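Novice: Provided below for reference: sequence and predicted model.
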Amino acid sequence: MLPRITLTIDLRSVSPAAVGYHLTLVRTPDVFSLDATTALIQTHVPDARLLATAGAEATFTLRRDAAAQFPALLTALEERRVELGVEAWGMAATTLEEVFLKYVPGSLAGSEGSGKDHFSV
C-alpha cells in the first residue's frame, strides 16, 4: 500500500494569473481571425493571453481579478461573433489540477516524453 500524501496549497500565495478562467472559442474555418479576436479580448481584459490553439479551438486565459470586465467582453464577443469567425464560446474556471501542475516542483508540467500519462496525489 502506498503512503498517503497530503498536499496543501494556499491559494493566496498563488499568482492571480494562475487562478482564473479559460475562454475557449470554437473557430469557423477560413473565417476566424486570431489577431482581431485577440485584440477584442485584450481591449476588455488587457492581461488576457492566448493559451493554445488546437483543432477548431483557441483558448485564452483570463485572470480572476478581471472578472468585472467579463460582461462587457462577452457582450462584445457575442455582437461580433460572426465577423470574427467564432462559432461558439465557453468559459471554465481554472482547475486546482492546473494550478498544481504549474506550481508544484516535480509535477508533470513540461514532462512530455516521460512516459507518464497520469499522476496521483
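Specialist: Here it is on my side, so go on.

Novice: For residue 87, which non-adjacent residue is spatially closest?
Specialist: Closest residue to residue 87 in three dimensions, ignoring its sequence neighbours and counting by CB to CB, 6 or more residues apart in numbering: residue 26, at 4.4 Å. All C-beta spots, glycine's among them, are computed from the backbone N, C-alpha and C.

Novice: and that neighbour, backbone torsions?
Specialist: Main-chain dihedrals, residue 26, degrees, to the nearest 10: phi -90, psi 120.

Novice: Quick one: residues contacting it.
Specialist: 56-57, 86-89 (CB atoms under 8 Å, 6 or more residues apart in numbering).

Novice: Just say helix, strand or coil for residue 69.
Specialist: Secondary structure for residue 69, judged by DSSP: H, G, I helix; E, B strand; the rest coil, is helix.

Novice: quick one on the thing from earlier: how about the contacts of residue 26 in a markdown table, adding secondary structure and neighbour count?
Specialist: Formatted as a markdown table, the contacts of residue 26 follow (DSSP: H, G, I helix; E, B strand; the rest coil; neighbours: other CB atoms under 10 Å):
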| residue | secondary structure | neighbour count |
| --- | --- | --- |
| 56 | coil | 13 |
| 57 | strand | 15 |
| 86 | strand | 21 |
| 87 | strand | 15 |
| 88 | strand | 12 |
| 89 | strand | 17 |
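
Novice: Could you export these as JSON lines, including pLDDT and distance to residue 46?
Specialist: Output for the contacts of residue 26, formatted as JSON lines (pLDDT from 0 to 100; distance: CB to CB, whole Å):
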{"residue": "56", "pLDDT": "93", "distance to residue 46": "26"}
{"residue": "57", "pLDDT": "94", "distance to residue 46": "23"}
{"residue": "86", "pLDDT": "96", "distance to residue 46": "20"}
{"residue": "87", "pLDDT": "95", "distance to residue 46": "26"}
{"residue": "88", "pLDDT": "94", "distance to residue 46": "24"}
{"residue": "89", "pLDDT": "93", "distance to residue 46": "19"}
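
Novice: What is the most widely separated pair among these?
Specialist: Using CB to CB, the two most remote members of the contacts of residue 26 are 56 and 89, lying 12.1 Å apart.

Novice: doesn't residue 59 make contact with residue 52?
Specialist: Yes. Between residue 52 and residue 59 there is a contact at 5.0 Å, judged by CB atoms under 8 Å.
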